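Student: Build me a model from this:
(chains A and B)
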Protein chains: 2
Amino acid sequence: MEKIVKVALDAMGGDNAPGEIVKGAVDAVNENSNIKVYLVGKSPRIHEELKKYRYKSEQVEVVNAEEEISCDESPVEAIRKKKDSSMVVGMKMVKDQTADAFVSAGSSGAILVGGQFVVGRIKGVKRAPLAALMPTTKGVSLIIDSGANMDAKPEYLLEFAKMGSIYMEDVVGVRKPKVAIVNVGVEEAKGNTLVKDTFPLLKECSDINFTGSIEARDIHSGQADVVVCDAFVGNVILKLSEGLSSTLMSIVKDGMMQSLRGKIGGLLVKPSLKKTLKRFDASEHGGAPLLGLNGLVVKMHGSSKAKETKNAIIQCIAFSEAKINEKIKEQIVKEK
Amino acid sequence: MEKIVKVALDAMGGDNAPGEIVKGAVDAVNENSNIKVYLVGKSPRIHEELKKYRYKSEQVEVVNAEEEISCDESPVEAIRKKKDSSMVVGMKMVKDQTADAFVSAGSSGAILVGGQFVVGRIKGVKRAPLAALMPTTKGVSLIIDSGANMDAKPEYLLEFAKMGSIYMEDVVGVRKPKVAIVNVGVEEAKGNTLVKDTFPLLKECSDINFTGSIEARDIHSGQADVVVCDAFVGNVILKLSEGLSSTLMSIVKDGMMQSLRGKIGGLLVKPSLKKTLKRFDASEHGGAPLLGLNGLVVKMHGSSKAKETKNAIIQCIAFSEAKINEKIKEQIVKEK
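Tutor: Below is the predicted model:
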C-alpha cells in the first residue's frame, strides 16, 4: 500500500473560503485515494459545505479552530496571539507531524511568518524562500525567492539557488537545472550591490549548474530553470506577469470586438487562444511552497478556487515523495 | 519664427547604425522643419548613407568623430578615454549648448556615465534617473528610475518622484499626475527597507500627488502616472514587459496556426491585433530621457530603427518647449 499523504488545509483562508476551498478538498480526495485532508477552521461552517458532496469519510476530517486571521492584521501579531486560528492550528499539525503539509490561501504575510515561527526552519537554513513556478514557453521555471524575505543577503540567495535546484530536479524532474540570477545585463560587472556580491558565490558553488545572469526579458522564454532573486524583485516578476498577461489578453479581445471581421475571426480563434492561455495560467501550477522548513507549507493565491485548491493538495504528494526536506538537510546543512 | 531645436545624434550607436539612424534623422527633418540634426560619427560612412536621401541641407550637419564606444567595454573607461567618440563629442555639444539634446542608441552604460560626467547634473540634483514611458490601457505611465542608478537611497527616489511629476505634467500633459511607489502590497507597512524609508518622504511631499503603493500587477492598467522605483526594479519592469509581450504574442500566433479554423480566424483578426499591438509597442513612445542634467540626453533602445530614431528626435521638441530643466531647477534645487 502506498503512503497516505496527510494535508492540513486552511478552510478559512482566501477570498473564496470556505466554499471553494472545501470543494477543492473533496475534489482532491475523490481524484486520489492516497490523500487525507484535515479541514481546519470553524467546524459548523465546514460541515455545512461538506454536506453538499460525496466522498470517502476516512479521507476527510474536520479540525475545529475558532479564530481567523485576516489580511488586514499584522502577520506577526496575528500568529502570536491567535493560537486557535485555522492557520496556527494547521501549522502546528505539521510541526507535530500529524500532517505532512499545510496549505492555505489566506494572508500571505501570516503564512510566511507562521512558516518561520510555528513550523520553524530546518536547523542551519538561514531563510525560507517562497518558490513559485512560472509558466514559460519551454515549460516552467522556478522564481525563488518570490516573496518571503525582503532585504536579502548574498548568502541567502546562494541557499535559495541550492534549494531551488533540488526542487526543480526532484519535484519537477529537470535534470541539472540551469540556475541564473536576475540582473540588469548579462555582463558580470553589472547589477546592484546584492547581485554583484552574490554572483561570485554562485559561480564558485559546485552543487548547482550556474549559467550566469538572466535579464528579465528572457525569463518567460525559459532560459533558466531556477531564477534566483530577492523577494522584492521576485514579487515584481510574478505580479507584473500576472497583470500584463490579463491586460494584453483583454485589449486583444477588445480590439477584435471593434469590427465585424474581428468578431468573426475572434470566434474562430477562441478555442486555440483558450488552450494557449491555459498553458500560461499560473493557477494550473498549484501553490508555491516555502522551502527549508521542518515540514511543508504551501501558499496558494488569495483568489484560489476549487481547481487551484485541488491542484495544490495533489501537488503535496509529489513534494512528499521527493523528500525535499531530507535533501535540503543533506546538501545544505551538512556543509555548516 | 519658431525656435529651431538642435539635436546631436549618435550616428554610430546601436545595432542598426549608421544606416537606420541616418535614415531616422532624414525622416525627422523632412517631417518637421523646426529641427536641425547634427549627425556625429565617422564622416565618410555618414555621408555615404546621406547620399541615399533628399532633405534640406541646412537641417542636417555632419560632425566627425573618429572613435566608437561598444557595449562590451567598461562605460567609465570608455567615456574617460575615448574623447573623440561619437558619444563624447555629441554630449560635449550639449554641454557647450551647441546642441539642445543628445540622442543615442549606443551602450546604455556609456550614455548613463557620459550623461553624469560629460553633460553633468544640474547643481543640487543628487542623481539623474532614466525616465521611460510605458504603454498602459489608459495611455502611458512613466517608470522612473528605469535603469540609471543602482542601489538608490530614499532621498533619490523622492527626487525621482518630483522630476517624474514635472515630466508627466509638462511633456505628456497629465494634470496633477498620480505618483505611486512600486511595492509588494498596498499596505504602508509592506516593502523592503528602501521602500519603507521612502514612503513617508513621498507622503509628506506637497509638490506631488502621491497616491501610495502600487503592486506590479496594476502598472499596466495605468493606476499611476508616475511609477517610482529603484533602477534595478525599473529595469526588471521594462524588460519583463518587453519579453512577456513578445512571448505571449508568439504563443498566441503559434496556437492559432495549429488548426485550419485557427488559421482562418487568425487572418481575420490580424488587422485588429496589429492595431492593438501597435498601441502597446514601446518603440512608438520614442526614447527615454535622463532627467536632471544640464541639457537633454535621450537613450534609445539598442535595437532602434529609423522609426524609433525619428520619434526620439521629434520628441526633443516637446522636451525643449516644456523647459523641463528650468522647472527642475525651480522646484527641486530651490529647496536646498
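
Student: burial measure for the closest residue to chain B within the stretch 1-150 of chain A, as a count.
Tutor: Nearest residue of the stretch 1-150 of chain A to chain B (Cβ to the nearest Cβ) works out as A:M150 at 4.1 Å. Using the backbone N, CA and C atoms, a C-beta is placed for each residue, glycine as well. Burial of A:M150 is recorded as 18 neighbouring residues (other Cβ atoms under 10 Å in any protein chain shown).

Student: what separates the closest residue to it other than its chain neighbours from B:T98, distance-wise?
Tutor: Distance criterion Cβ to Cβ, 6 or more residues apart in numbering or on different chains; nearest residue to A:M150, sequence neighbours excluded, is B:N192 at 4.1 Å. Per Cβ to Cβ, to the nearest Å, B:N192 is found 43 Å from B:T98.

Student: Show me which of these two is the more surrounded one.
Tutor: More neighbours surround B:N192 than the other of B:N192 and B:T98, with 20 against 13 (other Cβ under 10 Å).

Student: Wasn't A:I214 part of a strand?
Tutor: Yes. Assessed with DSSP: H, G, I helix; E, B strand; the rest coil, A:I214 lies in a strand.

Student: For the stretch 1-150 of chain A, which segments are assigned as helices?
Tutor: A:19-31, A:43-50, A:75-81, A:86-95, A:108-114 (DSSP state H, counting those that start in this stretch).

Student: I'd like to know which of those helices lies nearest to A:M249.
Tutor: The minimum distance between A:M249 and these falls on helix A:19-31, with 22.9 Å, by Cβ to Cβ.

Student: which bits of the stretch 51-200 of chain A sit near chain B?
Tutor: A:72, A:74, A:108-109, A:136-137, A:147, A:150-151, A:182, A:184-185, A:187, A:189-193, A:195 (Cβ under 8 Å from any Cβ of the partner chain).

Student: Are any of these buried, and if so which?
Tutor: A:108-109, A:136, A:147, A:150, A:182, A:184-185, A:190-192, A:195 (16 or more other Cβ atoms under 10 Å in any protein chain shown).

Student: Tell me how many other residues surround A:Q97.
Tutor: 10.

Student: Surely it and A:G295 touch.
Tutor: Yes. In this structure, A:Q97 is within contact of A:G295 by Cβ atoms under 8 Å, at 7.4 Å.

Student: quick one on the thing from earlier: hmm, the residue nearest to A:M150 is touching A:N149, no?
Tutor: No. Using Cβ under 8 Å, B:N192 is not in contact with A:N149; the gap is 9.5 Å.

Student: overlap in contacts of these two?
Tutor: Contact criterion Cβ atoms under 8 Å, 6 or more residues apart in numbering or on different chains; residues shared by B:N192 and A:N149: A:230-231.

Student: Check which helices and strands the helix or strand of chain A with the lowest mean pLDDT sits against.
Tutor: Using mean pLDDT, DSSP states H and E, the weakest-scoring helix or strand in chain A turns out to be helix A:260-279, at a mean of 78. With contacts defined as 3 or more Cβ pairs under 8 Å, 6 or more residues apart in numbering or on different chains; DSSP states H and E, the packing partners of helix A:260-279 are helix A:231-256, helix B:231-256, helix B:260-279.

Student: what about 10 Å?
Tutor: strand A:131-135, helix A:231-256, helix B:231-256, helix B:260-279 (3 or more Cβ pairs under 10 Å, 6 or more residues apart in numbering or on different chains; DSSP states H and E).

Student: how about those in a markdown table, adding distance to B:T309 and mean neighbour count?
Tutor: Listed next are the helices and strands packed on helix A:260-279 as a markdown table, based on distance: least, Cβ to Cβ, whole Å; neighbours: other Cβ atoms under 10 Å in any protein chain shown:
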| stretch | distance to B:T309 | mean neighbour count |
| --- | --- | --- |
| strand A:131-135 | 35 | 24 |
| helix A:231-256 | 27 | 22 |
| helix B:231-256 | 18 | 22 |
| helix B:260-279 | 18 | 17 |
